[in-house]
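# this one's structure only:
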């Protein structure tokens, strides 16, 4: 009892071993609290650091474009697919901490000399289940978990980047549209100036140099219009690429001024703890934890591993008694049989559920006088094959009868 208790205590103590380095988040080299002085405004934000993008963007057109980008962007879909793959990999690794149970069932049907010999068997068990004494499997599971969390934070970073890129592309399109409108107004003004200069030159009030300078201004304005038209088209294509689908004209920005009014400013006094919640920072932290777990698994791999394998099964010659037949606790008792050849052949089918005791070899070749004698008195003509009997009995005495030839006599 004491030895069993000591073994159990040792196994529990060893299973609590963890050889991975302990992760400690380093303290940031900044003050822990916001400075409280007359030169600093009082902090009024007591909520969790960070703001959702819907709180910063109130323009309905821009919100619709961002929502479409979040729904259709291919890069974001790829990032989410990577998250699903990492989650599945973590589940696979976590399953290694539990035994894998397998079951099997088999049936065989045979016929010999008009006698059916059927056999049914079923077994269940587990194999190569590792007892995690030094935390190797546990650390591998922890590493897979941290990798999954890092991938998830990477997907969050991709989402935030997509929102920022879409808003930037939308604002860039609005600004280039304003530049295009300004270039067109500049061209109209330059053309009026050129017409006036030509009128003055016709009247002799200005020279040809002034006319050429006015023409240069007009051509420069036309060049600016062409460049701005190209830039607006590129901005439109970039916005369609980010949105994952063509953006209708009704969702395009009307003017830069209205868009500026629809984007809020970051409130003053926002806590710097928001930097600790950045997805890229959290992703790097999870990757560091995964590396520590891998170190622990590598250290545990230097120690011996203990695996368990166990199985249990039943077998019977009848399917109805596969799970109900009694298991023989020991070798069957051997008793002589006094049967004739015809009686022995008839006894094979009636006593198939009893233990086989002896074999009467070459019964058909014996004379009628010897066939009626007791096998124990036939001067060695009966062989008691206990070793063959033991190798034939599985879980039920009835299964032994399926392994004997026709001239075998099975008695209880």
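It's in. These numbers come from a predicted model, not from an experiment.

# residue 184 reaches residue 226, doesn't it?
No: with contacts defined as Cβ atoms under 8 Å, residue 184 does not count as touching residue 226, sitting 11.2 Å away. Just so you know, the C-beta spots here come from the backbone N, C-alpha and C atoms, and that holds for glycine as well.

# more neighbours, these two?
Neighbour count, other Cβ atoms under 10 Å: between residue 184 and residue 226, residue 184 has more, with 16 against 11.

# find the nearest non-adjacent residue to the more buried one, please.
Take residue 184 and drop its neighbours on the chain: the residue closest to it by Cβ to Cβ, 6 or more residues apart in numbering is residue 225, 6.0 Å away.

# with residue 158 instead?
Leaving aside its sequence neighbours, residue 158 sits nearest to residue 79 (Cβ to Cβ, 6+ apart; 4.2 Å).

# for that neighbour, give me its contacts.
Going by Cβ atoms under 8 Å, 6 or more residues apart in numbering, residue 79 touches 154-155, 158-159.

# repeat that for residue 288.
Counted by Cβ under 8 Å, 6+ apart, residue 288 has contacts residue 23.

# wait, a helix at it?
Yes: residue state for residue 288 (DSSP: H, G, I helix; E, B strand; the rest coil) corresponds to a helix.

# what pLDDT does it get?
Here, the pLDDT recorded for residue 288 equals 94.

# going forward, count from 357.
Done: numbering now begins at 357, and the last item shifts to residue 644.

# tell me how far it lies from residue 376.
Per Cβ to Cβ, to the nearest Å, residue 644 is found 12 Å from residue 376.

# hmm, back to that, what number of residues lie near the residue nearest to residue 540?
18.

# show me the contacts for it.
Contacts of residue 581 (Cβ under 8 Å, 6+ apart): 536, 539-540, 543.

# so which other helices or strands are in contact with the longest helix belonging to the chain?
Across the chain, the longest stretch assigned as helix under DSSP state H is helix 492-558. Helices and strands touching helix 492-558, by 3 or more Cβ pairs under 8 Å, 6 or more residues apart in numbering; DSSP states H and E, are helix 409-412, helix 416-428, helix 430-451, helix 564-599, helix 612-617, helix 635-656.

# report all helices and strands that the first one contacts.
In terms of contacts (3+ Cβ pairs under 8 Å, 6+ apart), helix 409-412 is packed against helix 492-558.

# and the residue nearest the centre of the chain, how far from residue 607?
Centroid check for the chain by Cα atoms, centre = their mean gives residue 444 as the closest residue, at 0.7 Å. Using Cβ to Cβ, we find residue 444 at a distance of 37 Å from residue 607.

# likewise residue 429?
Plainly put, residue 429 is 16 Å away from residue 607 if you go by Cβ to Cβ.

# alright, calling it a day.
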